[in-house]
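Colleague: Need a 3D model of the sequence below.
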Amino acid sequence: MRKIVDLNTWNRKEHFEFFVGFNEPFFGITTTVDFTLGYQKIKDLGYPYFLFYLYKSLRAANSIEAFKYRIDNDQVYLYDEIHASPTIGREDHTFGFSFIAYDKDFKRFIDKAQKETTLVKNSTGLCHNDNTKRIDTIHYSSIPWYNFTGLTHARHFEFIDSVPKISFGKYSKIGSKLTLPIAINVHHALVDGYHIGLYLEEFQKLLNE
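Modeller: Alright, predicted model coming up:
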């Protein structure tokens with residue numbers, strides 16, 4: 001479900017009108033989160049590595065209103081829930097897009113995610129279908145082969161896009177602490193640096209639960 005945002009009463013009206021016409025309205029940050037406790041839970045309880053922090057990230061994003069705004073036909077909408085559209089790698093080193101519906105219940109989310117992962121792994125091509133094209137998603141990707149300190153995305157600037165993009169890299173160990181790199185790219189007409197800070201704070205709290 002979604003509802004129209006009344007631009008005339010929205011406190012971001014001028015911000016939206018200023019940034020929405022930019023050729024490149026997205027901005028991004030690259031940082032790290034403390035993955036020490038989260039990784040230990042994965043090891044102790046046998047959670048799927050990528051799906052564990054995908055769930056935590058998506059749950060955090062659903063708690064931040066700014067991450068649930070989307071632009072559709074020049075109108076801003078606020079969605080009740082947003083879902084995940086991560087890339088899934090295959091053994092032949094290609095990948096396919098996927099759609100995983102959000103569920104606050106961790107076990108139900110993991111069950112759905114594992115079924116979708118298996119489906120994509122056993123397919124060919126991009127799997128670019130109506131579900132993976134939905135705008136009530138976050139585009140996720142994982143780059144588990146190396147750590148990174150910066151990241152850019154391929155963009156089609158003539159295509160109107162307001163979907164956040166979140167990418168994860170390979171964790172690093174510094175002493176007894178593990179850090180996980182994360183890159184976050186968002187549409188500046190909808191999201192500011194403050195909102196990214198809220199998301200990171202919530203994501204870290206969920207990783208430590």
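
Colleague: Any buried residues in the strand ranked longest in the chain, and which?
Modeller: Longest strand in the chain by number of residues, with DSSP state E as the criterion: strand 177-187. The neighbour-count check on strand 177-187 (16 or more other CB atoms under 10 Å) flags L178, T179, L180, P181, I182, A183, I184, N185, V186, H187 as buried. In this view, the C-beta of every residue, glycine as well, is placed from N, C-alpha and C.

Colleague: Return the residues in contact with the third one.
Modeller: If a contact means CB atoms under 8 Å, 6 or more residues apart in numbering, then L180 has T32, V33, D34, F35, G38, Y53, F168, G169, Y171 as its contacts.

Colleague: can you tell me which of those are in helices?
Modeller: Assigned to helices by DSSP state H, the following of the contacts of L180 qualify: G38, Y53.

Colleague: Quick check: neighbours of the longest strand of the chain in the sheet, parallel or antiparallel?
Modeller: strand 26-34 (antiparallel), strand 165-169 (antiparallel), strand 172-174 (antiparallel) (DSSP bridges).

Colleague: need the next SSE after that strand, C-terminal direction.
Modeller: helix 193-208 (DSSP states H and E).

Colleague: for that next one, the distance to its chain's centre please.
Modeller: Helix 193-208 has its C-alpha centroid displaced from the chain centroid by 12 Å (CA atoms, centre = their mean, to the nearest Å).

Colleague: Packing partners of it?
Modeller: For helix 193-208, the packing partners by 3 or more CB pairs under 8 Å, 6 or more residues apart in numbering; DSSP states H and E come out as strand 26-34, helix 36-45, helix 49-62, strand 177-187.

Colleague: what about those, which gets the closest to T149?
Modeller: strand 26-34 (6.0 Å; CB to CB).

Colleague: For the closest one, what does the pLDDT average out to?
Modeller: Averaged over strand 26-34, pLDDT sits at 98.
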